[in-house]
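A.B. asks: please find the sequence and the predicted model below.
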Amino acid sequence: MALIVQKYGGTSVGDIERIKNVAQRAIRAKEAGNDVIVVVSAMAGETDKLINLAHELTPLPNVRELDVLISTGEQISVALVSMAIKSMGHEVKSYLGHQIPIQTDSAYGKARITHVKSDTILKDVKVGKIVVVAGFQGIDDKGNITTLGRGGSDTTAVAMAVALKADVCEIFTDVDGIYTTDPNVCEKARKLGKISYDEMLEMASLGAKVLQIRAVEFAKKYHVPIHVRASFNDNFGTLVCQEDEEMENVVVSGVTCDKNEAKITITKVPDKPGVAHRLFGAIANANIMVDMIIQNVSDEGLTDITFTVIKTDLSKATNIVGKMAREIGAKDINTDENIAKVSIVGTGMRSHSGVASAMFGALAKEGINIMMISTSEIKISCIIESKYTELAVRALHDAFQLDKKVFTKDDPISTP
């Protein structure tokens, strides 16, 4: 007997027939002799609908009340899934985040889980019940409802798997695994049998929408295997797990893209110690995540600083930067929302040369200009004009022959 956590996304619970399918899957796992915890998202489109309602009232909804509002989507899902399981003859109990409780910090809209209490749920599991948990939501130390950000139900599922010492966390989606790139962008995309935690962390942070990055962080820290698979068939999907020797041989595993970033440039910034700290400290205090940062070479004691943020944080970030620019004596602020980030990821980059050259050459061949570059041991990212995103993804996918196989150390790298 195994303890399995199953997570179902919005499309998997998008209507009554799909909710019945989720119930049947959970029951099959239970009847196979397993203990089953089901984590569900809001029905497809429900969270966006609630956010739009809030913005019809005010352009800047109060963040605490917005979390109270959008957390209701998951309450609908857990109730319906539980009703479906009960109607099919199995004992079941649903829980909202605060009933478990799933304890978080107080960063509304992007809260982080700090603790999950497992006692109550384990009692239900021991008496044979299927437990259905609302994803995406938690509660802070003051009793306020919080939400975990887009894709937060993934994090809920992995956190539950950690707390309950589950054998596996299954993430059911509308795709049947993790691909070398988005199949909607490149028809040559190929499903991966397995991928390392580190590669998945990079891909999640770089725009791959299959898993939320914090879910992968949890899984890596506590060695929880994640099986990403389709909710519409029984095929094996992709296993996210510890890196092994076979994975280490892979140079490039995938290509990602992200159009959800915006660029901010501050010109004529005084090139003095402490200025960058003041600037980015103010941004961090507002819970705004900064991705890439570049600073030009100082010219006559002045420099330009460019960085990227999530598009939804652009307005807030611009207001903060504007205030800081006046305080530090900078000149102008320029913003650009028409950008995208394209990236290649692979553990073998640690010990293989020529990868960056091949990437830049593939983009140059298509006439795509690179605005910013960021690297780590296992990834290279470039900021480009957003209109070239799909073209760039396909060009990079072809350059590293990812449609045929994962690009390994034995493959020759040539610059176009």
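C.D. replies: Structure's in. What do you need? Numbering: from 1, shown residues only.
A.B. asks: my guess is R25 contacts S12. True?
C.D. replies: No: counting by Cβ atoms under 8 Å, S12 is not a contact partner of R25; they are 9.1 Å apart. Using the backbone N, CA and C atoms, a C-beta is placed for each residue, glycine as well.
A.B. asks: more crowded one of those two?
C.D. replies: Between R25 and S12, counting by other Cβ atoms under 10 Å, S12 is the more crowded of the two (25 against 19).
A.B. asks: ok, the more buried one to Q6 distance?
C.D. replies: Applying Cβ to Cβ, to the nearest Å, the value for S12 to Q6 is 10 Å.
A.B. asks: what do the two both touch?
C.D. replies: Both S12 and Q6 are in contact with F172, where contact means Cβ atoms under 8 Å, 6 or more residues apart in numbering.
A.B. asks: which strands or helices does the host helix or strand of D48 pack on?
C.D. replies: Using DSSP states H and E, D48 falls within helix 46-57. Identification of packing neighbours for helix 46-57 by 3 or more Cβ pairs under 8 Å, 6 or more residues apart in numbering; DSSP states H and E yields helix 63-70, helix 72-87.
A.B. asks: go again using 6 Å as the cut-off
C.D. replies: helix 63-70 (3 or more Cβ pairs under 6 Å, 6 or more residues apart in numbering; DSSP states H and E).
A.B. asks: need the residues that contact the helix it packs on.
C.D. replies: T47, L50, A54, Y108, G109, I145, T146, T147 (Cβ atoms under 6 Å, 6 or more residues apart in numbering).
A.B. asks: does the third one touch P61 like I think?
C.D. replies: Pointing back at A54 there. Yes: with contacts counted by Cβ atoms under 6 Å, A54 reaches P61, the gap being 4.1 Å.
A.B. asks: next, show the common contact partners of the two.
C.D. replies: Overlap of the contact sets of A54 and P61 (by Cβ under 6 Å, 6+ apart) is empty.
A.B. asks: as a quick check, tell me the outermost residue of the chain.
C.D. replies: What lies farthest from the middle of the chain is E300; by Cα atoms, centre = their mean that is 41.6 Å.
A.B. asks: tell me the phi and psi of that residue?
C.D. replies: Main-chain dihedrals, E300, degrees, to the nearest 10: phi 60, psi 40.
A.B. asks: for stretch 130-149, what is the distance to the chain centroid?
C.D. replies: Averaging C-alpha positions (Cα atoms, centre = their mean, to the nearest Å) puts stretch 130-149 18 Å from its chain's average.
A.B. asks: rounded mean pLDDT for it, please.
C.D. replies: Mean per-residue pLDDT for stretch 130-149: 97.
A.B. asks: what do you get for stretch 238-255?
C.D. replies: Rounded mean pLDDT across stretch 238-255 is 80.
A.B. asks: again, but for stretch 50-62
C.D. replies: When pLDDT is averaged over stretch 50-62, the result is 95.
A.B. asks: buried set for that stretch?
C.D. replies: By 16 or more other Cβ atoms under 10 Å, the buried positions in stretch 50-62 come out as L50, A54, P61.
A.B. asks: any stretches of the stretch 301-416 of the chain with poor pLDDT?
C.D. replies: Flagging of the stretch 301-416 of the chain using pLDDT under 70 yields the residue ranges 405-416.
A.B. asks: ok, which stretches of it are helices?
C.D. replies: 314-328, 355-365, 389-399 (DSSP state H, counting those that start in this stretch).
A.B. asks: what's the neighbour count on H115?
C.D. replies: As a burial measure, H115 scores 12 neighbours (other Cβ under 10 Å).
A.B. asks: surely it is in a strand?
C.D. replies: Yes: counting by DSSP: H, G, I helix; E, B strand; the rest coil, H115 is located in a strand.
A.B. asks: and the residue nearest to it when sequence neighbours are not counted, backbone torsions?
C.D. replies: Counting by Cβ to Cβ, 6 or more residues apart in numbering, Q103 is the residue found nearest to H115 once chain neighbours are left out, at 4.2 Å. The phi and psi values for Q103, taken as degrees, to the nearest 10, are phi -80, psi 140.
A.B. asks: count of neighbours near Q103?
C.D. replies: Q103: 18 surrounding residues under other Cβ under 10 Å.
A.B. asks: these two touch, right, it and I113?
C.D. replies: No: taking contacts as Cβ under 6 Å, Q103 lies outside contact range of I113: 7.1 Å.
A.B. asks: what about the helices in the stretch 51-200 of the chain?
C.D. replies: In the stretch 51-200 of the chain, the segments counted as helices under DSSP H, counting those that start in this stretch are 63-70, 72-87, 119-126, 152-164, 197-205.
A.B. asks: nothing else from me, thank you.
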